[in-house]
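*Asks:* sequence and predicted structure are below.
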Amino acid sequence: MRTMALILTASLFSAGALAAGYSENKSGDLSNSGLTPTVVKLKLGNNAISGKYGVKSGAIDRDYFTIKIPVGQQLSAITLEPETQVGINVSFIGIQKGKQVTVSPVGGSPEGLLGWTHYGTDDEGTDILPAIGQGAGAKGFVPPLGPGSYSFWVQETATCDCQYRFTFHVTTPAQ
């Protein structure tokens with residue numbers, strides 16, 4: 001029984017076929033506004049979301065997107081993939097419950113966010129969802145995230161033409 005559980009866990013985080021996701025290279029730029037984030041449809045399984053970010057010509061390229069976790073499913077992990085590049089050591093990801101990110105990106109306070117974290121190349125291949133849930137000043141949470149809408153804000157503040165890739169793991173709760 002324990003061996004079967006380990007095999008199932010390993011298959012969840014393996015680089016197998018993707019269920020769904022979003023790629024800016026294929027589908028266009030993700031929204032630059034937290035009030036009108038791009039809707040990204042996820043399915044049960046592994047879902048890749050990738051984009052480009054950084055400071056270009058003095059302008060910050062922020063990406064905002066919303067996902068919906070259906071009843072009977074959960075967001076159990078977000079893996080930072082090795083294709084991710086960061087400008088100066090770390091980048092930022094934040095999450096707010098609902099269909100918008102209403103927290104100002106220039107306000108300096110994470111109040112109103114469900115969670116956030118800085119991530120860097122040292123985090124590649126790891127689940128960053130627990131770190132997001134522990135972001136100082138945010139509401140906080142312990143994974144997994146249950147049914148509902150969640151909006152994400154991804155940002156790199158260094159001058160770069162960088163890219164990121166996350167795998168969102170949508171699972172059914174253990175019975």
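*Replies:* Received it, and whenever you're ready, just let me know what you need. Residues are numbered from 1 along each chain as shown.
*Asks:* pull out the buried residues from the strand ranked longest in the chain.
*Replies:* In the chain, taking DSSP state E as the definition, the longest strand is strand 45-56. For strand 45-56, burial by neighbour count (16 or more other C-beta atoms under 10 Å) applies to Gly45, Asn46, Asn47, Ala48, Ile49, Ser50, Gly51, Lys52, Tyr53, Gly54, Val55. For every residue, glycine as well, the C-beta is placed using N, CA and C.
*Asks:* any idea how far Glu83 is from Ser50?
*Replies:* Distance, Glu83 to Ser50, using C-beta to C-beta, to the nearest Å: 7 Å.
*Asks:* what of Val106?
*Replies:* Taken as C-beta to C-beta, the span from Val106 to Ser50 is 25 Å.
*Asks:* buried residues in stretch 136-145?
*Replies:* Ala138, Phe141, Pro143, Pro144, Leu145.
*Asks:* widest-spaced pair of these?
*Replies:* Farthest pair in the buried residues of stretch 136-145 (C-beta to C-beta) is Ala138 and Pro144. Separation: 17.1 Å.
*Asks:* so what sits against both of Glu83 and Ser50?
*Replies:* Residues within reach of Glu83 and of Ser50 at once, by C-beta atoms under 8 Å, 6 or more residues apart in numbering, are Gln163, Tyr164, Arg165.
*Asks:* and the pLDDT at the second one?
*Replies:* Reported pLDDT at Tyr164 in the predicted model: 95.
*Asks:* which ones are touching it?
*Replies:* Contacts for Tyr164 were tallied using C-beta under 8 Å, 6+ apart; they are Ser50, Gly51, Lys52, Tyr53, Leu80, Glu83, Thr84, Gln85, Ser91, Val154, Glu156.
*Asks:* just put those in JSON lines and tack on distance to Gln74 and pLDDT.
*Replies:* Listed next are the contacts of Tyr164 as JSON lines, based on distance: C-beta to C-beta, whole Å; pLDDT from 0 to 100:
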{"residue": "Ser50", "distance to Gln74": "22", "pLDDT": "97"}
{"residue": "Gly51", "distance to Gln74": "24", "pLDDT": "95"}
{"residue": "Lys52", "distance to Gln74": "29", "pLDDT": "92"}
{"residue": "Tyr53", "distance to Gln74": "27", "pLDDT": "90"}
{"residue": "Leu80", "distance to Gln74": "19", "pLDDT": "96"}
{"residue": "Glu83", "distance to Gln74": "25", "pLDDT": "90"}
{"residue": "Thr84", "distance to Gln74": "24", "pLDDT": "92"}
{"residue": "Gln85", "distance to Gln74": "29", "pLDDT": "88"}
{"residue": "Ser91", "distance to Gln74": "25", "pLDDT": "93"}
{"residue": "Val154", "distance to Gln74": "21", "pLDDT": "96"}
{"residue": "Glu156", "distance to Gln74": "28", "pLDDT": "89"}
